[in-house]
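1. Provided below for reference: sequence and predicted model.
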Amino acid sequence: MKVILLGPPGVGKGTAAKRMVQEYGIPQISTGDLLREAVKNQTELGLQAKQYMDAGKLVPDDLVIGLLKERVAKEDCRKGFILDGYPRTIPQAQSLGTSGIQIDVVVNLHADENVIVERLSGRRDCPKCGAIYHIKNKPPQHEGVCDACQGSLITREDQKEEVIQNRLQVYRKQTEPLIQYYNQKGLQKTINAVQSIDKVFSDIRIAIGRK
Ligand code: AMP
């Protein structure tokens, strides 16, 4: 099963993908995570990508396409995978086709922009263990401190208010056209992302034909 999770930043693609990993035993591939890892390790790719990420812009297609191809070629992707945050442009989508990667279904998670802004700007991350909190919806027990590992929580550079607006603009211009692109291919299913995680997940199950 090869699934794409489409939708604006902050809509809950990562959370949905993690649930799918548990249920279906196939890996989640997040190009955002792969890029952050490259930045952390200061690889050549990471050094090139950082400036775009910090500004809320997309990393150039050639860099991301190469990174994705390398990842899906790995053994754990043989039975399928969940793409979270890829593709984000038409050329990235086309690169899947030219690489012989056949997508079964594209789940488009939808939420209004005001909901997205609230979700993103309240998010706090633990850089040590990767846990994610939200100042309103999922606050840690002690403000600014990770429940799991006691690390200091941060607001990611790309989750600051002005950068969020930038990312949404980029989404509207470069990524939203993919909804139509996959609709024409008959692969696109839209789901309301402003529901409980259980309801979102049961809708995903139906969308991918695994009732
Ligand atoms: P994410 O965690 O998916 O929101 O990604 C964080 C940042 O990584 C984005 O704002 C982009 O700068 C970059 N990024 C992630 N995936 C892609 C992609 N498929 N194409 C271009 N840039 C990406």
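-> Yes, it's here. Residues are numbered from 1 along each chain as shown.
2. can we go C-alpha only for contacts and neighbour counts from here?
-> Will do.
3. around the ligand, which positions in the protein sit nearby?
-> Proximity of the chain to the ligand is confined to 9, 31-33, 52-53, 56-59, 64, 85-88 under the rule CA under 6 Å from any ligand atom.
4. among those, which ones are buried?
-> Neighbour-count burial (16 or more other CA atoms under 10 Å) is assigned, among those, to 9, 31, 53, 56, 57, 58, 59, 64, 85, 86, 87, 88.
5. name the residues that touch the helix or strand harbouring the third one?
-> Using DSSP states H and E, the element containing residue 53 is helix 44-54. Counting contacts by CA atoms under 8 Å, 6 or more residues apart in numbering, the residues outside helix 44-54 that touch it are 35, 36, 37, 38, 39, 40, 58, 59, 63, 157, 158, 163.
6. 10 Å instead, please
-> For helix 44-54, contacts defined as CA atoms under 10 Å, 6 or more residues apart in numbering pick out 32, 34-43, 56-60, 63-64, 67, 156-160, 163, 167.
7. among those, name the ones in helices.
-> Of the contacts of helix 44-54, the ones assigned to helices by DSSP state H are 32, 34-40, 63-64, 67, 163, 167.
8. can you pull the poorly scored residue ranges out of the chain?
-> 211 (pLDDT under 70).
9. show me where it has strands.
-> Counting by DSSP state E, the chain has strands at residues 2-6, 28-30, 81-84, 105-110, 123-125, 132-134, 188-192.
10. now the first one and strand 105-110, what's the angle there?
-> What separates the directions of strand 2-6 and strand 105-110 is an angle of 20 degrees, with axes from the mean of the first three to the mean of the last three CA atoms, to 10 degrees.
11. what separates strand 2-6 from the chain centre, distance-wise?
-> Centroid displacement of strand 2-6 relative to its chain, using CA atoms, centre = their mean, to the nearest Å, is 10 Å.
12. quick one: that strand to strand 188-192, angle?
-> Going by the same axes, to 10 degrees, strand 2-6 makes 50 degrees with strand 188-192.
13. CA atoms only: put strand 2-6 into CSV for me.
-> Extracted in CSV, the C-alpha atoms of strand 2-6 (Å, rounded to 0.1, in the frame of the first residue of the first chain):
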residue,chain,number,x,y,z
LYS,A,2,1.5,3.3,-1.1
VAL,A,3,-0.3,6.3,0.3
ILE,A,4,0.2,10.0,0.1
LEU,A,5,-1.0,12.3,2.9
LEU,A,6,-1.7,15.7,1.5
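14. tell me which residues in it are buried?
-> 2, 3, 4, 5, 6.
15. distance check, the last one against residue 182.
-> When CA to CA, to the nearest Å is applied, the distance between residue 6 and residue 182 equals 10 Å.
16. name all residues that make contact with the residue located most distally from the centre of the chain.
-> Most distant from the centre of the chain: residue 142, at 27.5 Å, with distances by CA atoms, centre = their mean. Counting by CA under 10 Å, 6+ apart, residue 142 makes contact with residue 150.
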